[in-house]
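1. please find the sequence and the predicted model below.
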Amino acid sequence: MFITNHDVTDALKEVIFFAKQNNIVDLNMIDDIEIKGNEVKVTVIFPKLDDPAVGIIYNSVVKKLKEKFGDEVKVDVKPVSEADKGKGPLAGVKNIIAVISGKGGVGKSTVAANLAVSLHKSGHKVGILDADIMGPSVPIMFGVEGQNPGVMEREGKTVMVPLENYGIKILSLGFFVQPDQALMWRGSMINNAFNQLMSDSEWGNLDFLVIDMPPGTGDIQLTLAQSYNIRGTVLVTTPQKVATADVRRAAMMYRQDKLTIPLLGIVENMAYFTPEDMPEKKYFIFGQGATDELAKELDIPILGRIPIVEKIREAGDGGAPVSLNDETPVTKSFIDVAANVLKQVETLNG
């Protein structure tokens, strides 16, 4: 039988990479096809080689080629990583940091936005991706609400160009949803939108991409853990036991087999209240101790404690994260969080 490159490519279009809901040909995962007589060697590019999908794709490629050309064909599948090939839309991103929480209302988006700003102020190239489809706050916090990302051509494909403000690249699922629109998306639709923001965008060279994740342990969390090379997660909680119980469940998701992603530490938001006219006073409105117990249980550090300050809300609503203002005392709290995140990342990077 005479086997052509075109025939092999047609067969591989039936091999689906389920994390991205498409076939490996259209996803540009085929790096090379080599044919010698009845021997076919296919090189497939994966976001990361420890992904369980590598084995699934490997078996599927062999099956589809044998179905098309017969059992006598010899199939060799060589998996390679995007990093090894210097390819992939995120090849220029050194560290992806996911900011997660177990429940809404704990200030996760505020922490993510101010972490991004603080990392930028420390001299790093930073982007932020708002993946919280049910409550996208990043466009408001960065003063880009109502704007649309640009587009460009990359390798014959149209991709998004993030907006930029305060020196930070910004993309959000909120850019594609009207403020008064009731969102009724199934999990696959949310996953497709998330993958587009990650993979079909021109992030360029970044030291850090901060992802503001949806609360809980849903589809996007699984897709992120299984399909992308995440440097680590930052947990956000408030001091109440009910909040730490929820964030514990979210943290344990990333410690399951095959989903292991380092937990960099915990940020305790709304940790205490200090009146402006009594800076020496601290009122622990939501209690004390639960965050420390959780950090000890998970064996991770507390990255910082953020007080309840009206200026944080005012700044976020005004489209300029409070960490941009060096005159505000709470800025130091976020700078300390960023410094501790950097220490944890440096430790992981060796």
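-> Perfect, I can see it now.

2. continuing past the least confident helix or strand in the chain by mean pLDDT, what's the next helix or strand?
-> Lowest on mean pLDDT, DSSP states H and E among the helices and strands of the chain sits helix 82-85, with a mean of 70. Remark: after helix 82-85, the chain's next helix or strand is strand 93-100, criterion DSSP states H and E.

3. strands paired with that following strand, and their directions?
-> When pairing is defined by DSSP bridges, strand 93-100 lines up against strand 206-212 (parallel), strand 232-237 (parallel).

4. now for the longest helix along the chain, which elements pack on it?
-> Counting by DSSP state H, the longest helix found in the chain is helix 330-349. Contacts defined by 3 or more CB pairs under 8 Å, 6 or more residues apart in numbering; DSSP states H and E place helix 330-349 against strand 93-100, helix 108-121, strand 232-237, strand 263-273, strand 302-308. (Each C-beta comes from the backbone N, C-alpha and C, glycine too.)

5. and the gap between residue 287 and residue 241?
-> Separation of residue 287 from residue 241 (CB to CB, to the nearest Å): 8 Å.

6. shared neighbours of those two, anything?
-> Counting by CB atoms under 8 Å, 6 or more residues apart in numbering, residue 287 and residue 241 have no common neighbour.

7. check which residues of stretch 52-65 are buried.
-> For stretch 52-65, the neighbour count (16 or more other CB atoms under 10 Å) marks 53, 54, 57, 58, 60, 61, 62, 64, 65 as buried.

8. pretty sure the fifth one contacts residue 18?
-> It refers to residue 60. No. Residue 60 is not in contact with residue 18 according to CB atoms under 8 Å; the separation is 10.2 Å.

9. ok, back up a step: point out the least confident member of the buried residues of stretch 52-65, please.
-> Least confident entry in those, by pLDDT: residue 53, with 87.

10. and it, how far from residue 19?
-> Counting by CB to CB, the gap from residue 53 to residue 19 is 6 Å.

11. mutual contacts of those two, please.
-> 226, 227.

12. farthest pair within the buried residues of stretch 52-65?
-> Across those, the longest distance by CB to CB is 18.0 Å; it joins 53 and 65.

13. looking at the helices and strands packed on helix 330-349, which is nearest to residue 203?
-> Comparing the helices and strands packed on helix 330-349 under CB to CB, the one sitting nearest is strand 93-100, at 5.7 Å.

14. center of the chain - which residue?
-> With distances taken as CA atoms, centre = their mean, the residue of the chain nearest its centroid is residue 211 (4.3 Å).

15. can you give me phi and psi for residue 195?
-> Dihedral pair for residue 195: phi -60, psi -30, per degrees, to the nearest 10.

16. verify the stated contact: it with residue 224.
-> No. When contacts are counted by CB under 8 Å, residue 195 is not listed as touching residue 224 (9.9 Å).

17. so between these two, which is more surrounded?
-> Between residue 195 and residue 224, counted using other CB atoms under 10 Å, residue 224 has the larger neighbour count: 25 against 21.

18. element containing that one, please.
-> helix 219-227.

19. got the angle for that helix vs strand 93-100?
-> 150 degrees (axes from the mean of the first three to the mean of the last three CA atoms, to 10 degrees).

20. helices and strands around helix 219-227, which ones?
-> Taking 3+ CB pairs under 8 Å, 6+ apart as the contact cut, helix 219-227 packs with helix 187-199, helix 241-253.

21. so for the first one, what gets flagged as buried?
-> Looking back up the chat, that one is helix 187-199. For helix 187-199, a neighbour-count test (16+ other CB under 10 Å) marks 190, 191, 192, 193, 194, 195, 196, 197, 198, 199 as buried.

22. and what of stretch 160-178?
-> Buried, per 16+ other CB under 10 Å, within stretch 160-178: 160-163, 166, 168-177.

23. so how far is that stretch off the chain centroid?
-> 14 Å (CA atoms, centre = their mean, to the nearest Å).

24. and for stretch 290-305?
-> 22 Å.

25. can you offset everything so residue one is 629?
-> Right, with 629 as the first residue, what we last looked at is stretch 918-933.

26. who touches it?
-> With CB under 8 Å, 6+ apart, stretch 918-933 has contacts from 862-863, 865, 867-869, 871-872, 875-876, 879, 891-896, 899-900, 961-962, 964-965, 968-969, 972.
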